[in-house]
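# quick one, fold the following:
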Amino acid sequence: MQLAQLAQAGREPSLPLTLELAGDELELQRLLRVLPGQRYVGQAQWRGRPVLVKLLVGERAERHYRRELDGARLLAEQDLTTPALLAEVFVEGQGGWLLFDYLEGAESLWGAWRLVEREAPLSEGQHGVLAEALTAIAGMHARGLWQSDLHLDNLLRQQGQLYLIDGGGVQAETPGQPLSRQRVLENLGVFFAQLPAELEPYLEELLIHYLLANGEHALPLEALLKEIAKVRQWRLRDYLKKVGRDCSLFAARVGAFGLRVVRRAQQAELAPLLDDPDAAIAAGRLLKDGGSATVALVQVGDRLRVLKRYNIKGWGHWLKRFWRPSRAWHSWVEGHRLELLGIATPRPLAVREQRWCWLRSRAWLLTEHCAGEDLLTRFAPYLDSTPPEEELQALDQLFAALIRERISHGDCKGTNLFWESGRWTLIDLDAMRQHRSQASFAPAFARDRARFLRNWPQDSALHRLLDQRLPRL
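Got it, this is the predicted structure:
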């Protein structure tokens with residue numbers, strides 16, 4: 001295949017694929033990242049050796065190719081540890097490729113972080129990963145470079161050596177001279193904004209690792225926190241735009257006669273269920289069969305999932321619902337909001353709406369299954385005593401996160417919180433809301449707090465204990 005033909009190959013070209021460019025031949029064996037019709041990154045064979053290849057095609061191929069090439073050269077010229085650039089070719093009208101040394105067995109620091117992210121904030125494991133990352137970032141900044149899309153996935157570890165990758169995001173202020181303080185703060189803001197907000201009290205401790213490798217500037221904590229907050233807000237807005245459109249994360253079909261969005265990684269597996277969700281509910285184990293919603297536990301492959309159908313109770317109910325986003329869609333968006341903010345909730349997997357000329361009717365939401373015990377069951381033995389401190393601290397952390405993000409749940413009954421993997425998980429997000437102002441949030445939080453305490457008799461020891469522990473606004 002000629003490289004220009006790859007622009008029409010879509011998101012999933014058939015592999016292995018042999019490509020020809022400027023008299024050279026490459027066998028593409030595995031795709032790691034795809035931007036259809038523009039960029040294909042994967043593992044390949046070239047002249048008898050494994051390589052990492054970046055293929056740039058389409059109308060903007062040359063611009064992307066130059067950006068990748070310039071970034072890779074900047075890293076190499078400043079003696080920063082980065083995979084060797086083995087070959088680079090661009091042919092007008094076809095596209096270009098860049099071939100890098102393939103780091104066999106390398107692990108991204110994102111993968112390392114995933115293994116420790118559930119641990120207590122700044123545990124030994126978390127500290128090790130972040131110290132390694134900050135040392136590498138400081139080395140890059142000391143040489144006058146920064147990465148606009150700075151995250152743990154752009155740092156690869158192989159046999160104890162850390163490699164900087166993704167030249168497309170590498171930029172320079174003055175190569176060879178340390179970055180200005182403002183640029184450092186902005187770039188560190190991008191890095192820390194992608195980490196849990198619970199780490200903010202430990203920023204000064206973490207910055208020691210950065211300053212040991214690049215002590216050019218003092219880094220005011222208040223200025224850094226402002227940069228982090230700014231990037232977090234932008235990331236949240238950007239991510240929530242993606243949950244309703246076709247992109248690398250989601251496969252979406254949105255039109256006047258229906259909406260269907262599914263996580264792309266599960267698209268093939270979930271297609272039969274989404275084609276006939278009512279049949280899946282009928283075949284599953286019913287958890288709730290109310291007038292406004294029907295909930296069932298369904299089997300998908302070897303895993304259990306929760307499928308919720310939002311019903312239309314009648315003509316009057318439809319008149320109230322058809323003109324606004326369905327409760328399934330609202331829960332889909334809010335589930336992704338919580339996920340990005342690091343607040344535990346079952347991962348949303350797919351959403352579907354029935355529509356007729358854009359007028360909404362029934363809708364379905366599919367999520368992961370939370371197998372833990374709900375709060376009422378978990379705390380039932382402690383009505384007149386004290387629950388385990390670990391579980392109380394997890395409640396403290398949950399409410400602190402809701403206050404920090406100004407999120408009200410809307411229905412804090414005990415059956416909407418589940419204990420799983422050492423933390424409390426929120427479900428039933430139909431009424432959840434993130435408030436823009438403290439004035440709006442304060443009364444909503446007060447209602448959540450009051451509803452939460454009503455789970456237990458007012459004269460019980462447990463009620464009194466939780467009333468003392470829960471924050472007030």
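# CA atoms for contacts and neighbours, from now on please.
OK.
# can you show me the helices along the stretch 251-400 of the chain?
All helices of the stretch 251-400 of the chain, identified by DSSP state H, counting those that start in this stretch, fall at 267-275, 277-283, 315-321, 327-341, 375-379, 389-405.
# buried stuff in the fifth one?
With burial defined by 16 or more other CA atoms under 10 Å, the residues of helix 375-379 counted as buried are 375-376, 378-379.
# before we move on, back to that, okay if I get the helices of the stretch 251-400 of the chain as CSV plus distance to residue 152?
CSV is the format used below for those (distance: least, CA to CA, whole Å):
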stretch, distance to residue 152
helix 267-275, 26
helix 277-283, 38
helix 315-321, 42
helix 327-341, 15
helix 375-379, 35
helix 389-405, 23
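# for these, give me CSV that also has distance to residue 28 and mean pLDDT.
Shown next, in CSV, are the helices of the stretch 251-400 of the chain (distance: least, CA to CA, whole Å; pLDDT from 0 to 100):
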stretch, distance to residue 28, mean pLDDT
helix 267-275, 23, 95
helix 277-283, 37, 95
helix 315-321, 49, 66
helix 327-341, 33, 95
helix 375-379, 51, 96
helix 389-405, 44, 95
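# helix/strand/coil for the closest residue to residue 85 other than its chain neighbours?
Excluding the flanking residues, the one nearest residue 85 by CA to CA, 6 or more residues apart in numbering is residue 100, at 4.5 Å. Under DSSP: H, G, I helix; E, B strand; the rest coil, the three-state class of residue 100 is strand.
# could you report the neighbour count for residue 100?
When counting by other CA atoms under 10 Å, one arrives at 21 neighbours for residue 100.
# quick check: domain ranges of this protein?
According to automatic domain parsing, the chain comprises the domains 3-101, 107-239, 250-368, 373-469.
# how close does residue 41 sit to residue 34?
Using CA to CA, to the nearest Å, residue 41 is found at 6 Å from residue 34.
# most tightly surrounded among the helices of the stretch 251-400 of the chain?
Across those, averaging neighbours per residue (mean count of other CA atoms under 10 Å) puts helix 327-341 on top, at a mean of 21.
# pretty sure residue 4 is touching residue 95, no?
Yes: with contact defined as CA atoms under 8 Å, residue 4 counts as touching residue 95 (6.3 Å).
# any idea of the mean pLDDT in the longest strand along the chain?
Across the chain, the longest stretch assigned as strand under DSSP state E is strand 24-35. Mean pLDDT, strand 24-35: 92.
# cool, and stretch 213-233?
Averaged across stretch 213-233, pLDDT comes to 95.
# now that stretch: buried residues?
213-214, 219, 224-225, 227-229, 231-232.
# and those residues, which is closest to residue 274?
Nearest to residue 274 among the buried residues of stretch 213-233: residue 232, at 32.8 Å, using CA to CA.
# count the neighbours of the residue lying closest to residue 292 once chain neighbours are set aside for me.
Spatially, and ignoring its direct neighbours in sequence, residue 292 is nearest to residue 311 (4.9 Å; CA to CA, 6+ apart). By the measure other CA under 10 Å, the count of residues near residue 311 is 18.
# re the thing from before, among the buried residues of stretch 213-233, name the ones in strands.
Those of those lying in strands (DSSP E): none at all.
# residue 83: how many residues sit nearby?
20.
# residue 421 now?
11.
# can you give me how far stretch 295-308 is from the chain middle?
22 Å (CA atoms, centre = their mean, to the nearest Å).
# residue nearest the centroid of this structure?
By CA atoms, centre = their mean, the chain has its centre lying nearest to residue 340, at 5.1 Å.
# distance-wise, check it relative to residue 347.
11 Å.
# list the residues that contact the residue nearest to residue 367 when sequence neighbours are not counted.
Nearest non-adjacent residue to residue 367, counting by CA to CA, 6+ apart: residue 348, 4.3 Å away. Neighbouring residues of residue 348 by CA atoms under 8 Å, 6 or more residues apart in numbering: 332, 335-336, 365-368.
# 10 Å instead, please
Residues near residue 348 by CA atoms under 10 Å, 6 or more residues apart in numbering: 262-263, 306, 331-336, 339, 365-369.
# tell me the one of those nearest residue 23?
Distances from residue 23 to those, taken by CA to CA, are shortest for residue 263, at 39.1 Å.
# tally of neighbours for the nearest residue to the closest one once chain neighbours are set aside?
Counting by CA to CA, 6+ apart, residue 263 lies nearest to residue 250, which is 4.5 Å off, once chain neighbours are set aside. If you count neighbours by other CA under 10 Å, residue 250 ends up with 20.
# mind checking which of the helices of the stretch 251-400 of the chain is nearest residue 463?
In terms of CA to CA, the element of these nearest to residue 463 is helix 375-379, at 10.8 Å.
# residues in contact with the closest one?
372-373, 383, 385-388, 391, 413-419, 424-425, 455-456, 462.
# narrow those to those that are buried.
Among these, the ones that count as buried by 16+ other CA under 10 Å are 383, 387, 391, 413-419, 424-425, 455-456, 462.
# narrow the residues you listed to those in helices?
Taking DSSP state H as the definition of helices, the buried ones among the contacts of helix 375-379 contribute 391, 462.
# with that, I have no additional questions.
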